[in-house]
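1. Structure for the following, please:
(chains A and B, ligands or ions: 1)
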Amino acid sequence: MFSVGKQLPYPVVGDAGIDKQFLAAPIKSAVDKFQLLPEFLKVRGLVKQHLDSFNYFVKTEIKKIVRANDRIVASKHPNIYLRFKDVRIGEPSIMVDGSPEKITPQTCRLSDLTSLINKQGYSLDCAVKLYSVATWKYAAPILVNVEYIQGSPGQMTRVEKNDVVIGRMPIMLRSCCCVLYGKDEAELAKLGECPLDPGGYFVIKGTEKVLLIQEQLSKNRIIIDTDKKGNITASVTSSTEAIKSKTVVVMENEKIWLLLNQFPKKVPIMVVMKAMGMESDQEVVQMVGRDPRYSSLLLPSIEECAKSGVYTKEQALEYLESKVKKSMFITDSSEKEGRAYSVLRDVFLANVPVHQNNFRPKCIYVAVMMRRMMDAILNKDTMDDKDLFKTMISEAKMWIDKFLEKNNKTSRFDFSHVIPKPLLAVQWSACDNIEYISRDTITNGLERTLSSGNFDIKRFKMHRKGMTQVLTRLSFIGTMGHMTRVSPQFEKSRKVSGPRALQPSQWGMLCPCDTPEGEGCGLVKNLALMTHVTTDEEEGPLISLCYYLGVEDLELLSGEELHTPFSFLVIFNGLILGKHRRPQRFATSMRKLRRAGKIGEFVSIYVNEKQRCIYLASDGGRVCRPLVIADKGISRVKEHHMKELTDGVRTFDDFLRDGLIEYLDVNEENNALIALYEGDATAETTHIEIEPFTILGCAMGKQAMGNIAYNQLCRKDTLLYLLVYPQRPLLTTRTIELVGYDKLGAGQNATVAVMSYSGYDIEDAIVMNKSSLDRGFGRCIVMKKKAVTIQKYDNNTSDRILRPDRTADNAGHMQILDEDGLAAPGEIIRPNDIYINKQSPINTRTQIIGSAANLPDSAYRPSREKFSGPEGESCVVDRVILCSDKNNMMCINFLFRHTRRPELGDKFSSRHGQKGVCGTIVQQEDFPFSERGICPDLIMNPHGFPSRMTVGKMIELLGGKAGVSCGRFHYGSAFGERSGHADKVETISETLVKHGFSYSGKDFIYSGPLGVLY
Amino acid sequence: MSSDEDESMSEQEEQTKSGKEDNGSVLDYIMSLESVPSKLPPHLELLKTRVLCKIDAPQHTDTIQYSGAYAALGVDNSIRLDNFRQNFKVQVNRLTEDDIEFDMIGIDPALANAFRRILIAEVPTMAIERIYMANNTSVIQDEVLSHRLGLIPIGADPRLFEYPENAGNEKNEKNTIVFKLHVRCERQQPRITVKSNELKWLPNGSELPSEDIKPNSSSKPKTFTSFSCSQDSLPEFSGNPIAPRNLDIILAKLGPGQEIELEAHAVKGIGRTHAKWSPVATAWYRMLPEVVLLKEVEDELAEELKNKCPVGVFDIEDIGKGRKRATVARPRSCTLCRECIRGGKEWEDRVALRRVKDHFIFTVESTGALPPEVLFTEAVKILEEKCERVITELS
Ligand code: SF4
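-> This is a model prediction of the structure:
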């Protein structure tokens, strides 16, 4: 082999020694790049989008926020201040009797340390020794270093204090603040954590909460669309730290208008231009473009403006002043400047900054908007498809950021909460001001929002419900699926098909298969395996880099020069930077810088020929995915790279750093020609997929029963379904292995006969073998939790638990109680059995005479908890957990276990959605048997196949059969046949033949009742 | 049940047949004529005695039982006991400790199937039915552990025991086998795996008190069984203690400090109630394969045919002059994979795959309570019993 090292991608000066032709020749065999995937997942994790954004927040964002508002000054005494110097997140801990104690997620889940596991005897004594903790959440203190002035006005001293707690932040599991970060399997096991658990969620009040990934329209981007009346509009949703606004420019009755919330009615755009200092109509026309077609479209608007007698800036402002909504902006400054002026400056196109009252960038922005609109009128093709994914952004991080920002902003805007009166008021004593920092605002705000899922950000007029959900723990893979779910922006009721359709630009970013049935179909999506959601990146250096690379500054350009032929506008994060005369060269050099690691790997460079723009993006919330770079169709990843990877000398990041792989977002994908396989690459190909199957997510069997985690028996879920004998599928896929589904399987391998049998199998019903069920097929465990609180009442009385009276009438129902009045673990519990012998005081309102402890027995009434379950089911008390709840009352959790075998009417499904209820259960001797004595576990009707067209299931049937006969797991990965990650049907069939089965998988079978061949 | 019907049906047929013969002197006359065939023509004979296995499905799978099915041809199709006696053959091919393979020739599939069904569902064995859990601190749930225990084959001859119902559900030494399992993993010790060898036979019956022990009572506490004598002392068990048949079945795993203590009671039952009482892992038969070359297959084709078959049914013989011909060497090992007739119509025309309808290759895999050959005779006895019951009911 040859070694070219890193020389291949870049033409090196003086590379005389290299045989160029040899290098240019296509390599013979395609390189197996599969190994990159586990490597990718190792560095990024399966729920990277959650972890990345949280990590970014706690590492960078929170510091920025605090830096932006670091100084708090007493309103009456400007030289008394408090300054936040630094902020960091401490270790997850909890305050126990005033001192911090470290916590692990598992303790928070169980929300107690005194849980008594499995059937050991216990006494009530240890239950009394409860931790006096208000709430159990997995949170860490937010620590700040502060500097403040202390003392009385006469003698002020500057004091510095480090690590002051200003609140507690819920910590995302497996994030960089979490105790689980970087731990290996054994260490995780010690912490009671499942090593396969992906993390990425919060534990609040003992429940696991996920922040859903939200999908939104891109902010700060011009979107051309038609409104309800069929008018062409150009809209921009501006979003800055300070304000969020939507600006719409609409073409109605041939005239162009501006729609803005602050103006109750639409206003002519030309007036707005004039108000921004663009008094010359000619310059506006020049800015839009000198093409006569543009000017003729603009003419009616200009006339309209002239008709209303607006010629100068002052006239325009006056005109707008009369239109502006009265209630808005009644601050001092806006009174002074005029409301219309401040609206134009602060609200109108808020994403374009106005420095020193220079409105020119805004004028150009409006001109570009108008030009794009006119393009759309002249040529319908240029219309943006709003449903197109590229204008959407998945904003997992946005939400955390915005939300947390809000909470920290509260500490800036509303200091009465965080720093109470003394600092701000006149009379303050010489006390230690730091004492006054309140911790509850941030803590409670964060907790309330995360546990309720309601996001209310007043400043942005944002009210959204259901942003967080309780993590589903029905199956391991269901949990995974929940973490990658993308929830839609629109309400689900919309009866439209447009946004539900699969978009071409979703290729590789969102899973094309994984979407729910019914109302959310096509709206709720799931991320694909390798999707990455970006976080914000520093803009300043990138902007100056653009100028260095020859972008001509907007300030220096006249309106005329804006649209000269051969020059492209350079738009950075929705902001027009200027123009560039050699767009391709500019794009290439930016990309080279990115591949060399000089600028962030997630910066996207997209040349839009049609709009004559170069879009640069470095903002957060874009989805992107890694691809192998190809030069003239030749992959940069070579055999030796992969070897280095398997040898462990090269990591995924090295591939990025060496410019072998890069991330492309949906926009930049438009500039790329991506080959699915290396063999398909032609000279035009710019990129090659790492592994084609990564365009899929992990959508299999979310409702499947099986295992949920290694620590499943130590958890305290309200409802838990477990399979007694879960198995790893015989026909697996690479994704299954990547996700860890083979380690935490759900489901069982069944011997299936596809045939008609007995007529109890119509309508997809299945017939099951009784002996298989006897032997444990499909046996499952259902665990239910019941919580009983020992209530404390206002009058100091409280519930009490009594020793059971073995002689009483209902002693039969109290058999399972221990002497402490609680059901003993391991006891079989029947309906109406009492599992806690509790009594409540009759009088809970008025004050009682004497001490509460000495209350006579007559003052109590029994409030025993009876077990209610279906008759005939025998449940078992699995565990009893004692803990304190958030109001510091004792809470007793009972976990009831019910082991059940499949019955008539239970639903079963294959992995291909071929679900069916169990129609009848038949004795084994009545079941058909094959030449080799194989008797199926279940029979399914062949009529399920033709209409469903589940070819995959056919392959699975074959592959599974081949798997058992040759003792090797077979693979059925999508796209895998060409790259060798899936077994071809032909080879499967050959295996079958080799082991004496029919090529087609069909067997001759004997009838069970009759004994003859069918 | 179906076996009863088969039996009675053939009897009935015989009766009707004999009745016909009484008044059928005309028939006798015709039969004696020379031009009337007394045997079925070969194509009908083929359909009667063979299943034709075509590429996609078997044909003529049914057995023609009606005595007058071929009356029009003058062929008597009745089943005669004499014929059956003459033709019926059993030939043992393989016999090991756990399984047996034998040929049963000259019998109706209904009867062969009856034996199979009885073996699976009606031959009794002993299996653990009741668990008294004294302590279980392992991760495995009580129900799951009990289920696993139930499925362990017990090496005890069920013929020496009675059904518990017979004793009015009283547990005595005649109907119950008691095992004890007490394993403990000490702290600071590595994890241990509990296997079925930990099940210890208690010949004296249960040791667990069934009621709360009253400290002052001097009499023996009442237990869950009432054995009148130790099972040890019974002659049939004195030499060979009862134990699980396989000693390496994993029951549970224990971590340090965990413990399982339980008592398991095994009783007699049949496989129809629960698969754990089934004496066989499985019992099945297949019809004898018959592979026929319809045409001479020579030279390359012969070579091809030989290579096609994954189990080597075909062989090649030299027919001189360097020419080769395919022969059917080992038809018995044919698995009906239909490889030899895959590859187009011409192959289907060359090779015929058939099954002989009255030749069964029977396999019984015992779980170990009884040796396989004994199991089969037990099954025959049960069928006999059933027939007798039907006969007595009828008479
Ligand atoms: S069916 Fe299969 S096993 Fe039987 S002879 Fe043909 S190829 Fe051989």
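2. Please count neighbours and contacts with C-alpha atoms only from this point.
-> Noted.
3. Could you list the residues of chain B in contact with chain A?
-> Taking CA under 8 Å from any CA of the partner chain as the measure of proximity, chain B contacts chain A at B:2, B:57-58, B:61-62, B:109-110, B:112-113, B:116-117, B:120-121, B:136-137, B:142-144, B:147, B:151, B:272, B:274-276, B:282-286, B:310-311, B:335-339.
4. In strands only, show me those residues.
-> Among those, DSSP state E puts B:58, B:136, B:282, B:283, B:284, B:285, B:286 in strands.
5. Identify, from the residues you listed, the entry nearest to residue B:254.
-> residue B:136 (9.9 Å; CA to CA).
6. if we can go back for a sec, buried subset of the residues of chain B next to chain A?
-> Among those, those buried by neighbour count (16 or more other CA atoms under 10 Å in any protein chain shown) are B:58, B:61-62, B:109-110, B:112-113, B:116-117, B:120-121, B:136-137, B:142-144, B:147, B:151, B:272, B:274-276, B:282-286, B:310-311, B:335-339.
7. Just want the residue of chain A that's nearest the ligand.
-> Nearest to the ligand in chain A, going by CA to the nearest ligand atom, is residue A:996, at a distance of 6.4 Å.
8. Enumerate every residue touching that residue.
-> Applying CA atoms under 8 Å, 6 or more residues apart in numbering or on different chains, one finds that residue A:996 lies in contact with B:310, B:311, B:335, B:336, B:337.
9. and the residues you listed as JSON lines, adding pLDDT?
-> JSON lines is the format used below for these (pLDDT from 0 to 100):
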{"residue": "B:310", "pLDDT": "89"}
{"residue": "B:311", "pLDDT": "90"}
{"residue": "B:335", "pLDDT": "89"}
{"residue": "B:336", "pLDDT": "88"}
{"residue": "B:337", "pLDDT": "88"}
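10. farthest-separated two in the ones in strands among the residues of chain B next to chain A?
-> The span of these, defined through CA to CA, is set by B:58 and B:136 at 53.8 Å.
11. Isn't residue B:136 up against residue B:260?
-> Yes - proximity of residue B:136 to residue B:260 meets the contact threshold set by CA atoms under 8 Å, at 4.4 Å.
12. In chain A, which residue sits closest to chain B?
-> Closest contact between chain A and chain B, by CA to the nearest CA, is at residue A:998 (4.1 Å).
13. Scan the chain for its longest strand.
-> The chain I'm using is chain A. Using DSSP E to assign secondary structure, the strand with the most residues in chain A is strand A:156-170.
14. The chain in question should be chain B.
-> In chain B, taking DSSP E as the definition, the longest strand is strand B:351-366.
15. Does at least one residue of it sit close to the ligand?
-> No - using CA under 6 Å from any ligand atom, strand B:351-366 stays clear of the ligand, with a minimum separation of 6.7 Å.
16. So which other helices or strands are in contact with that strand?
-> helix B:42-49, strand B:50-53, strand B:99-105, helix B:109-121, strand B:280-293, helix B:372-394 (3 or more CA pairs under 8 Å, 6 or more residues apart in numbering or on different chains; DSSP states H and E).
17. if you compare these, which one is most tucked away?
-> helix B:109-121 (a mean of 25; mean count of other CA atoms under 10 Å in any protein chain shown).
18. Between strand B:351-366 and it, find me the angle.
-> Orientation check (axes from the mean of the first three to the mean of the last three CA atoms, to 10 degrees): helix B:109-121 against strand B:351-366 gives 30 degrees.
19. what's the spacing between helix B:109-121 and its chain's center?
-> 7 Å (CA atoms, centre = their mean, to the nearest Å).
20. Please apply the same query to stretch B:270-286.
-> 7 Å.
21. Contact partners for residue B:327?
-> By CA under 8 Å, 6+ apart, residue B:327 lies in contact with B:293, B:314, B:315, B:316, B:317.
22. In TSV, list these along with secondary structure and pLDDT.
-> Listed next are those as TSV, based on DSSP: H, G, I helix; E, B strand; the rest coil; pLDDT from 0 to 100:
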residue	secondary structure	pLDDT
B:293	strand	90
B:314	strand	90
B:315	strand	90
B:316	strand	89
B:317	strand	88
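23. between the residues you listed, which is nearest the ligand?
-> Of all the contacts of residue B:327, residue B:314 has the smallest distance to the ligand: 7.0 Å, by CA to the nearest ligand atom.
24. beta partners for the closest one?
-> residue B:328 (DSSP bridges).
25. Quick check: it touching residue B:333?
-> No - using CA under 8 Å, residue B:314 makes no contact with residue B:333, being 10.2 Å away.
26. neighbour-wise, which of these two wins?
-> Shown here are residue B:314 and residue B:333; by other CA atoms under 10 Å in any protein chain shown, residue B:314 has more neighbours (24 against 14).
27. residue contacts, the closest residue to residue A:240 other than its chain neighbours?
-> Closest residue in space to residue A:240, ignoring its immediate chain neighbours: residue A:351 at 6.1 Å, by CA to CA, 6 or more residues apart in numbering or on different chains. Under the criterion of CA under 8 Å, 6+ apart, the neighbours of residue A:351 are A:220, A:238, A:239, A:240, A:574, A:575.
28. which SSE is residue A:351 in?
-> Using DSSP states H and E, residue A:351 sits within no helix or strand.
29. backbone phi and psi for it, please?
-> phi -80, psi -20 (degrees, to the nearest 10).
30. Residue A:207 versus that one, what's the distance?
-> Here residue A:351 is placed at a distance of 39 Å from residue A:207 (CA to CA, to the nearest Å).
31. likewise residue A:185?
-> 23 Å.
32. Assign a three-state SS to residue A:233, would you?
-> With DSSP: H, G, I helix; E, B strand; the rest coil as the basis, residue A:233 sits in strand.
33. Touching, it and residue A:247? I think so.
-> No - in this structure residue A:233 lies outside contact range of residue A:247 using CA under 8 Å: 10.1 Å.
34. Give me the residue at the spatial middle of the chain.
-> As the question left the chain open, I've gone with chain A. With distances taken as CA atoms, centre = their mean, the residue of chain A nearest its centroid is residue A:213 (3.5 Å).
35. should've been chain B
-> Taking CA atoms, centre = their mean, the centroid of chain B lies closest to residue B:283, which sits 2.6 Å from it.
36. Where does the prediction get shaky in chain B?
-> Chain B contains residues with pLDDT under 70 at B:1-38, B:169, B:211-221.
37. Which single residue of it ends up nearest chain A?
-> For chain B, CA to the nearest CA, closest residue to chain A: residue B:337, 4.1 Å.
38. Leaving out the residues flanking it, which one is nearest to residue B:225?
-> Leaving aside its sequence neighbours, residue B:225 sits nearest to residue B:171 (CA to CA, 6+ apart; 5.0 Å).
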